[in-house]
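> have a look; sequence and predicted model below, questions after that.
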Amino acid sequence: MTPLKSQPSPEFERLLEAHRPRLHAFLLSLTGSGAAADDLVQETCLVLWEKREQFDPSGDFRAWAFRVAFLQAQNHRRRVARRQHRELPGDELFERIADAATEGHGPSEAEERRHAALVHCLKKLSEPHRDLLLRRYQDGTSLEQLSREADLNRNAMAQKLFRIKTTVARCVRRQLGETV
């Protein structure tokens, strides 16, 4: 019978949950893919959870979590390169991107409030509109591809996206108490 690992402290759980949006933003900046960032956040949280006994509560949780996330992103990058049979640019470039993404130790309180307002407003959209925005701006699906799939001309799709973005922008401003 294997001994049970100690249970995480409520503080560890709080830190992990509080840093999840920052980890996602960091991983998104490294991968450029919302889907990859989602997967890597899950992988990172799993590694952090498995190594929770190694974390020193008096230490810097953010630095530890971001280092684990960086290593997960590096592994992901290598897997993708192997699958696509291509060479990777040097790790030095990747590390510089990671350093730039973590400079300033994450988003300010105002940026976090803006992000929370954006998430709230995206949830208020209809599912087709939300999916359309996410496919275009998070996944990078081309305007032409979206137009073909919706059987719309390019201008009509651009206009549709503009209207949805305007709706979200107004909602965010209302959430933040800005004049619309």
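Happy to help now that I have it.
> on contacts alone, who are the packing partners of the helix or strand hosting residue 66?
Assessed by DSSP states H and E, residue 66 sits inside helix 61-83. Applying 3 or more C-beta pairs under 8 Å, 6 or more residues apart in numbering; DSSP states H and E, we find helix 61-83 packed against helix 10-31, helix 34-50, helix 91-102. All C-beta spots, glycine's among them, are computed from the backbone N, C-alpha and C.
> got the angle for it vs helix 34-50?
Computed with axes from the mean of the first three to the mean of the last three C-alpha atoms, to 10 degrees, the direction of helix 61-83 lies at 130 degrees from that of helix 34-50.
> what distance separates helix 61-83 from the middle of the whole chain?
Taking C-alpha atoms, centre = their mean, to the nearest Å, one finds the center of helix 61-83 at 13 Å from the center of the full chain.
> out of the helices and strands packed on helix 61-83, which gets the lowest mean score?
When those are ranked by mean pLDDT, helix 91-102 comes last with a mean of 54.
> right, and the helix or strand after that helix?
That would be, after helix 91-102 and using DSSP H and E, helix 109-124.
> which other helices and strands does the helix or strand just after that following helix contact?
Remark: after helix 109-124, the chain's next helix or strand is helix 127-133, criterion DSSP H and E. If contacts are counted by 3+ C-beta pairs under 8 Å, 6+ apart, helix 127-133 sits against helix 109-124, helix 154-175.
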